[in-house]
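Visitor: Sharing a model prediction with you, sequence too.
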Amino acid sequence: YCRFGECDAFIFQQWLKRFNSDVAFARQADELAAESLLEIAFETLEGIYFGGDNSSISDTGISTLTGALHFEEEEEISVEEFSTLVYSSTSPVYVYASHILLSSDNFFFKIKANKYVRRTNDNVRELFAREDSKNELETQERLLVETFVQNLKEKAPLSTQEEILLAELEKLALEVGGKSRDGNYWYSDESVVVDPGQKDRLQKVFEHMKKPSSPAGAFQILVDLGHWWIHEDVGLRKSDFLEPFSEAAEEKVSAIVQGQIEDADASSRRDLTHLWTITVDGPDTTEVDDALSLDFNDSSCGGEVRAWVHIADPARWIEKNCPLFIEAMNRGTSLYIPTGKYAMLPPALSVDIASLNVNQKVEALSFGFTLAADGTLGNCIVIPSLICVDSKHTYEEVDGILGSSIPGDSESAETTKKIKTLWAMIERHADYRERSGAITFHLPQGEPKVRDKTGSNPVVTLKVMKDTPSFAMIRESMVIAGSIAGDFCAKHKIPMPFRTQGSRQAIFSVLGDIADMSGTLSPDAYYARELERLSVLYGSETNFSPAAHHGLGLKAYIQISSPLRRFGDLIAHMQLKSFLRGNEPLSFTSQELIECFGTASHGLKSAKSVESRAQKYWQFFYLKQQGIKRYTGEYIRHLNGNLGFILLVDIGIQVVSRLPGNARLGSHYTVEIKEADARAGRVVCNVVEELSLQA
């Protein structure tokens, strides 16, 4: 190298390649390359020395060089010259050490062509100022992250910057369980839009908490800091159901509570408080939408017993486009999940004032009817009413009453007799609909309930919802109310949200037995056979002109039984009552109904998604708590390949399992649950043996 005298770039690179292989050489050069020599060289070239370790340069060398080399600012210096300046030598190891120093320097020298240039003093000061500023900023960012973590952990108030950082961390955590095309959640998952200004801060949070930069990492950070529960419902958090009711809506409720809202139906509202009236609901129900009555003394019925279905009347206080109407439309429905409920209307209205609570005079929209021996409806009437509920019963209580003999106690005997009379009437209508082509079918549904919402292992109970007589009685009563409303509105050409369902019956009647079209059902099939029967129907939908609902066996039907919990039912109440009052024009045109339902559909879809995910999560968590256990299951639906859905019939939970190659729909198996991961939505199970129920 020394033969060439100057630092030719190509030769120098060849020289580097040759000596880089010598580990001892490289280690020695690295040890010689003290960063302080850069500043020494910089100051020496200016003829001024401000201290530092200069033991490798002799006094003679310094004086000789500074006397012989008259460098000005921006003058060039080769690696060889730099080596001579700081080491008084151009032996290979010193030249390589000089190369290491110059190539890694960010302050004193810069590269130009094949040589280096001493920066100007002003340039060096500017670079150091920038570095100081950068270091100060990094210190501030580090302190911000540390303070953010500490405040979140201690539940202390957050600054504006910390609130923004938390929002971005939550946004990323909400995608836990989602899929990304290449694992880069910052960019590839379009549902995660991280504020570019917060990305570096988020990364520092991940580094500080020693978690991966991913939705799972963000979720775990929020859990570790006590901000989220380990079982946090990300679907619920992504929805709007956690948003508080608007100030205007709360003010409207306050006016209702203070009695400031006049009853537009006061002149036509019939007092039915003298009638025996009951409600039948679950033990935890607080929004009581419906009640049942019997009237043995209605002279207009020619001696027949008139039954009544009473529906809560929140439309008594809610008018078109008022704040409560807007809230209900935006939410679309109340949300019920295993960890709690989120109301469509403020509880002061839906639970207290408008709910059909016991021993309270409360407004209702009532549907009266008689039933002929063949189950057809007669003497139908729809009126605004005032009722008073005598007693509240659970489904289990009513099932007990319907399955018992009439007791000797006079009061209990009277209640039992009336409930049995109600069931006998309503059951006739169910039989009539079945003869008219209705398809009634219910899969057992395991409904989990979380009783203890703290800790990583909460108490989860499971109630299997089956089609008992009490459920059938209430369900059929609501169908009757919807049928009366549908026929009434169809007759009077009232624009309404009719529920309709088409049928492929004509096609199937040509093809053969709809209950076993493919001929592949197992003789043991029950739920699989019933699902095959449902294939005759198209999906139900909302139309704004009347049409048949073949699934219910009705010529016209309107969902109208849950105005406290469903926006569609509320708007149907408002429209029907508008007609009964003789209003012209009606509250809503067909186009306005379409627009309102379009807005409400977003909330309805969100609620359906949240409910489905939450139900599945806690069902699988329940399975996890049960440990390794065996259940009886029915193969009810094919998935793909040799995978299929199995209904665990005793607990009403569906799982996906690998099936034998000869598996037939409807076959029953002993299924062993080995592992359940609620967050991943995955159950590991296997079919142990096939069961023969025919034997």
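Guide: Thanks, I have it.

Visitor: name the element the residue nearest the centre of the chain belongs to?
Guide: In the chain, the centroid-proximal residue (Cα atoms, centre = their mean) is G235; its distance is 1.3 Å. Element membership for G235 (DSSP states H and E) is helix 234-238.

Visitor: got the buried residues for that helix?
Guide: Buried positions in helix 234-238, judged by neighbour count with 16 or more other Cβ atoms under 10 Å: V234, G235, L236, K238. For glycine as for every other residue, the C-beta is placed from the backbone atoms N, C-alpha and C.

Visitor: ditto for stretch 458-476
Guide: Across stretch 458-476, burial judged by 16+ other Cβ under 10 Å covers P458, V460, L462, P469, S470, F471, A472, M473, I474, R475, E476.

Visitor: can you list these in a markdown table and add pLDDT, secondary structure and distance to S246?
Guide: Shown next, in a markdown table, are those (pLDDT from 0 to 100; DSSP: H, G, I helix; E, B strand; the rest coil; distance: Cβ to Cβ, whole Å):
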| residue | pLDDT | secondary structure | distance to S246 |
| --- | --- | --- | --- |
| P458 | 93 | coil | 32 |
| V460 | 94 | strand | 34 |
| L462 | 94 | strand | 37 |
| P469 | 93 | helix | 43 |
| S470 | 95 | helix | 38 |
| F471 | 94 | helix | 36 |
| A472 | 94 | helix | 40 |
| M473 | 96 | helix | 38 |
| I474 | 96 | helix | 33 |
| R475 | 96 | helix | 34 |
| E476 | 97 | helix | 38 |
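
Visitor: Name the residues of the helix or strand hosting Q203 that are buried.
Guide: Following DSSP H and E, one finds Q203 within helix 196-209. Neighbour counts over helix 196-209 (16+ other Cβ under 10 Å) mark Q198, R201, L202, K204, V205, F206 as buried.

Visitor: what separates that helix from the chain centre, distance-wise?
Guide: Averaging C-alpha positions (Cα atoms, centre = their mean, to the nearest Å) puts helix 196-209 25 Å from its chain's average.

Visitor: Who does the closest residue to G652 other than its chain neighbours form a beta bridge with?
Guide: Of all residues not flanking G652 in the chain, G446 sits nearest, at 3.4 Å (Cβ to Cβ, 6 or more residues apart in numbering). According to DSSP bridges, the residues that bridge with G446 are V464.

Visitor: Give me the neighbour count for G446.
Guide: G446 has 20 neighbouring residues, counting by other Cβ atoms under 10 Å.

Visitor: May I have the phi/psi pair for V656?
Guide: Torsion angles at V656 (phi, psi; degrees, to the nearest 10) stand at phi -100, psi 130.

Visitor: Might one say that it is in contact with L639?
Guide: Yes: counting by Cβ atoms under 8 Å, V656 does reach L639; the two are 6.1 Å apart.

Visitor: between these two, which one's more packed in?
Guide: Each of V656 and L639 has its neighbours counted (other Cβ under 10 Å); V656 has more, 15 against 12.

Visitor: Return the residues in contact with the more buried one.
Guide: L639, L643, G644, F645, I646, V683 (Cβ atoms under 8 Å, 6 or more residues apart in numbering).

Visitor: of those residues, buried ones?
Guide: G644, F645, I646, V683.

Visitor: mind listing which of the residues you listed are in strands?
Guide: Within the buried ones among the contacts of V656, residues falling in strands by DSSP state E are G644, F645, I646, V683.

Visitor: and the last one, bridged to which residues?
Guide: Right, the one you point to is V683. A676.

Visitor: residues in contact with it?
Guide: Per Cβ under 8 Å, 6+ apart, neighbours of V683: F620, L623, V655, V656, I673, E675, A676, D677.

Visitor: Can you give me the separation between the last one and T440?
Guide: I take that to be D677. With distances taken as Cβ to Cβ, to the nearest Å, D677 is found 35 Å from T440.

Visitor: And for the first one?
Guide: Taking Cβ to Cβ as the measure, F620 and T440 are separated by 29 Å.

Visitor: Mind checking which of D677 and T440 has more residues around it?
Guide: Higher neighbour count among D677 and T440: T440, with 17 against 13, using other Cβ under 10 Å.

Visitor: my guess is F42 contacts F108, does it?
Guide: Yes: the criterion here is Cβ under 8 Å, and F42 meets it with F108 at 4.1 Å.

Visitor: quick one: which of those two has more around it?
Guide: Set F42 next to F108 and count neighbours by other Cβ under 10 Å: F108 wins out with 22 against 19.

Visitor: how near is the more buried one to A548?
Guide: Distance, F108 to A548, using Cβ to Cβ: 88 Å.

Visitor: same thing with R435?
Guide: Per Cβ to Cβ, R435 is found 15 Å from A548.

Visitor: of the two, who's got more company?
Guide: Higher neighbour count among R435 and A548: A548, with 19 against 11, using other Cβ under 10 Å.
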